[in-house]
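> A structural model of the following input is requested.
(chains A and B)
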Amino acid sequence: MRVFDLAHGRSGDKGDICNVGVIAYDDGGFAILREQLTEERVKEHFGPLVTGPVRRYEMPNIRALNFVLNGGLNGGGTQSLRSDALGKVMYAWLLRMELDVAHD
Amino acid sequence: MKTIRLGAGMAFWGDSINPAIDMVRHADIDYLCCDHLAELTMSILSKRMERDPAEGYTPDVLDLLRNVLPVCRERGIKIISNAGGANPRGCAERVVQLCKELGLQGVRIGVVTGDDIRGQIDDLMHDGVSFASLDTGAGLETVRSQLTHANVYIGSDGIVEALEAGADIVICGRVTDVALYIGPMRYELGWAADDWHRLGIGAAVAHIVECGGQATGGLYSKGWQQVSGMAEIGYPIAEVSADGSAVVTKTPGSGGEVTVGTVSEQMVYEILDPGNYLTADVTGDFSQITLEQAGQDRVRVGGVTGRPAPGTLKVNMGYRAGFIGTAQFSYTWPDAYLKAKRALSLLDERLRNADFNCDETRVEWVGHNSMWSPLIPEPDDPDAAEVTVRFTARCPSRQEARKVFSELVPICNNGPAGLGGLGTRLPITELFAVWPCLIPRDLVPSAVEMITV
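Residues are numbered from 1 along each chain as shown, chains lettered A, B, ... in the order given. Got it, this is the predicted structure:
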């Protein structure tokens, strides 16, 4: 199972920070994401794309987790060599992440 | 209880003006709020103003106003815009000219300035403002000579003052995006400048609508297949009441949709800590936000509050930070990948022979891993019909950046067979970097000037 099976998302830029928000479809999915999408695992999942620490924030009433990826944009939207200089599709990389749960 | 309706007219410089035209004709709005400035738009605008002192604003505002102003006058819709960019007064002069061309009389234009501190940096530093980088702590002197502009993200005070003075159109420079909405909320609903709870709600609602179609079905990762009428997408409208209750909706009859899903996605867009959403007007607390479907294309926003605005304001400074050179080319079957790899190593060798000087390079395989390289491996399928490589380098000078393409060109004839799709040289991009820093808010008074056509 992937994050994609439980949530949708959106991402964007603030300087060299990329933020990735994921929104769970239901409470069960939100509980799984809360447990599994730790700052450490998300940081590991983005590998060399994110050079700084990852911070996680919650908006529980809309079942959202917001990940702040410091150093996530190769110096920032205006300096980045990446095609996705503004981090618009970074959310999709998080949605691709495999979760440690059995499929029903 | 009084309710006002604020429509999102533009979301960025270059945005389509059609949703705004549709909105002023078919929606019952009081204000059209237009955001034209992205993080480093000010660098581009300052550069234009250096070349021509009459420039420096985003010219799309004139096209927009030409199309909406007559209807807005007829229907009593006021317009709030930050299209002034680096030159709000120059922008206002062009708007005056346009009103005359359109035969509109009695239009009152408020010009909000005070955000541009470029000429005061020395004095401010003398008074103890360090402008040290929030990222690295480094002093401003490291980039001082390359500065393109220095504008403070100012809040809604100037907009409120202009509206109190009777403005029909308010032209601002670098006010915050949310101030374009919070200004009319304060003015119309009588919210005090320290009514933190309601201002927090105002900031949340403004955050949701300020990016236009991104709240109404654009960029929707959950249900994009079902979003209808994307070509005629309607931009969002915030209905805000004096007690702070708020609903997000859109232009009746337009495309797109306003659902808990579309609004949730925009809620998480470009925010850091939702419990501390820093703006010049208020520190918003969105951590307990609730969204509820309150009818078709209507979402009620609740659970938001606010705390006092920070004592410091963010300064938007930009500096010249070099150039990016790009080369893109394709190879075909057989062994497309191996040929492209060979061409890349030839390019590397040629650049070394040309004493190439760069800070960083990147290789992406277009159509394969250009978004997430190096997390996705290179496309080494020996039977691939084609591969496309994008090679970029960040260089200290334009001359170095040019080498990226000029050293690739001979490889067309002198390298492996099967190179195609070279095309013309891609433009060299000049880089502007952000210098993130702060300034005490009481050092940045905004000023308002009124012009009547």
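> next, count neighbours for B:Gly302.
Applying other CB atoms under 10 Å in any protein chain shown, we find 15 residues neighbouring B:Gly302. In short, each C-beta sits where N, CA and C put it, glycine included.
> surely it meets B:Thr290?
Yes: the pair B:Gly302 and B:Thr290 passes the contact test of CB atoms under 8 Å, sitting 4.4 Å apart.
> now do the same for the residue nearest to B:Val387 when sequence neighbours are not counted: its pLDDT.
Spatial nearest neighbour of B:Val387, chain neighbours left out: B:Ala336 (4.5 Å); criterion: CB to CB, 6 or more residues apart in numbering or on different chains. The per-residue pLDDT reported for B:Ala336 equals 96.
> over to A:Asp104?
In this model, A:Asp104 is scored at 53, pLDDT.
> ok, B:Gly420 next?
If you check B:Gly420, the pLDDT there is 84.
> check contacts around it.
With contact taken as CB atoms under 8 Å, 6 or more residues apart in numbering or on different chains, B:Gly420 is in contact with B:Phe329, B:Ser330, B:Tyr331, B:Thr332, B:Glu386.
> out of those residues, which sit inside strands?
Judged by DSSP state E, strands contain the following of the contacts of B:Gly420: B:Phe329, B:Ser330, B:Tyr331, B:Thr332, B:Glu386.
> what about the helices in chain A?
A:27-36, A:39-46, A:90-95 (DSSP state H).
> would a markdown table of those helices with mean neighbour count, mean pLDDT and distance to chain B be doable?
Written out in a markdown table, the entries for those read as follows (neighbours: other CB atoms under 10 Å in any protein chain shown; pLDDT from 0 to 100; distance: least, CB to the nearest CB, whole Å):
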| stretch | mean neighbour count | mean pLDDT | distance to chain B |
| --- | --- | --- | --- |
| helix A:27-36 | 16 | 98 | 12 |
| helix A:39-46 | 16 | 98 | 8 |
| helix A:90-95 | 22 | 98 | 6 |
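> okay if I get those as CSV plus distance to B:Arg402?
CSV is the format used below for these (distance: least, CB to CB, whole Å):
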stretch, distance to B:Arg402
helix A:27-36, 47
helix A:39-46, 33
helix A:90-95, 31
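> rewinding a little: in the ones in strands among the contacts of B:Gly420, which residue is surrounded by the most others?
Most crowded among those, counting by other CB under 10 Å, is B:Tyr331 at 26 neighbours.
> tell me the residues of the stretch 201-350 of chain B that contact chain A?
Applying CB under 8 Å from any CB of the partner chain, one finds that the stretch 201-350 of chain B approaches chain A through B:219-222, B:260-261, B:264-275, B:286-291, B:303, B:318, B:321-322, B:324.
> report the buried members of the residues you listed.
Listed as buried from those are B:219-222, B:260-261, B:264-272, B:274-275, B:286-289, B:291, B:303, B:318, B:321-322, B:324; burial here means 16 or more other CB atoms under 10 Å in any protein chain shown.
> any idea what the residue of chain A found nearest chain B is bridged to?
Relative to chain B, the nearest point of chain A is A:Gly21 (2.4 Å; CB to the nearest CB). Beta-bridge pairing of A:Gly21, defined through DSSP bridges, involves A:Arg10, A:Asn66.
> which residues of chain B fall in helices?
In chain B, helices defined by DSSP H lie at B:18-26, B:41-51, B:60-75, B:88-101, B:121-126, B:157-164, B:179-189, B:196-209, B:260-267, B:336-353, B:398-406, B:409-414, listed in chain order.
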